[in-house]
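1. This is a predicted model, with the sequence first.
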Amino acid sequence: MGLGIVDELKKEYDIEDTWLGLEIHPETPLEGINLNDKFGEINLKKMKDNLEHSGSKYNITFGHLNHMPNSHNSLEAAEYARSIGKFDEYHRGLMSAYFRDSKNIGDINVLKGIGSKIGLESKKLHKAIEERKFVNNLNEYSQLAHSMNINSTPTFIINNEHIIVGAQPIDVFKKLFDKIMVG
C-alpha cells in the first residue's frame, strides 16, 4: 500500500522518497510464526479485510497472508540492494513476494530469487546477509525510529517534520502536501 500511495502522489507532487527498513518484531523466530496464532482469527480477518480495502484503490492484490516471517534477512538484503543502486526494484520485488505471493521473505533462497530477477548476484547477496554487512544501517534506522517514537510501518515522515502513521487515505497526504506548499 505504501508504494501505491507514494506512486499515486508522485503523479501530482514532486516527491523525493527514501524508504528505511524497520524491524518491528525482532523477537520473531527465524522460521517465522503463524499469524493466526499471533493475532487470533477474528483480528487477522479484520487486518486482511483492511489491507484488501486499502490496496484495492491502487490495484494492489494480496495473497493468503498466514505467515509472519522474521524480516531481518529481508531488511539486510534490501540494504545490500541499496548499496548497489537497486533498492527501489528490490523493495518492490520484496513487497510483491510477501504481500501478493505469500513468500517467506525471511528465507535467504527467496531473497536471492527476488534479487536474481533484478540482476543482483546471488552469491554477493547471500554473503552480505550471512556476514550481516548492513546490520549497522538497520541499527541506525531503529535508533532514529525510536527517537521519533515510531513503532509501526508504514510511517511517513514528510519534510522531517510531519508524520503520518499507517496506510492512510490519499486525501490525508494531499491535504498535508497542499498545506505545506501554501505555508
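-> Perfect, I can see it now.
2. Stretch 50-58: which residues count as buried?
-> 51, 54-55, 58 (16 or more other Cβ atoms under 10 Å). Backbone N, C-alpha and C define where each C-beta goes, glycine included.
3. May I see the residues you listed organised as JSON lines, with pLDDT added?
-> Output for the buried residues of stretch 50-58, formatted as JSON lines (pLDDT from 0 to 100):
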{"residue": "51", "pLDDT": "83"}
{"residue": "54", "pLDDT": "79"}
{"residue": "55", "pLDDT": "78"}
{"residue": "58", "pLDDT": "75"}
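4. Format those residues as CSV; extra columns: distance to residue 173 and secondary structure.
-> Below are the buried residues of stretch 50-58 laid out as CSV (distance: Cβ to Cβ, whole Å; DSSP: H, G, I helix; E, B strand; the rest coil):
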residue, distance to residue 173, secondary structure
51, 18, helix
54, 13, helix
55, 16, helix
58, 13, coil
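5. Now distance to residue 90 too, for those residues, in CSV please.
-> As requested, the buried residues of stretch 50-58 are arranged in CSV below (distance: Cβ to Cβ, whole Å):
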residue, distance to residue 90
51, 22
54, 23
55, 20
58, 20
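6. how near is the closest residue to residue 39 other than its chain neighbours to residue 122?
-> Leaving aside its sequence neighbours, residue 39 sits nearest to residue 47 (Cβ to Cβ, 6 or more residues apart in numbering; 6.6 Å). Residue 47 is 33 Å from residue 122, where distance means Cβ to Cβ, to the nearest Å.
7. got it, and residue 92?
-> 19 Å.
8. Check residue 99 too.
-> Counting by Cβ to Cβ, the gap from residue 99 to residue 122 is 23 Å.
9. same deal with residue 69?
-> Distance of residue 69 to residue 122, given as Cβ to Cβ: 19 Å.
10. what's the next secondary structure element after the helix or strand harbouring residue 164?
-> Element membership for residue 164 (DSSP states H and E) is strand 162-165. Using DSSP H and E, the helix or strand that follows strand 162-165 towards the C-terminus is helix 170-182.
11. contacting residues around that following helix?
-> With Cβ atoms under 8 Å, 6 or more residues apart in numbering as the contact definition, helix 170-182 has outside contacts at 5, 8-9, 12-13, 57, 156, 158-159, 162, 164.
12. Just among these, which is most surrounded?
-> residue 5 (22 neighbours; other Cβ atoms under 10 Å).
13. Many thanks, I have nothing further to ask.
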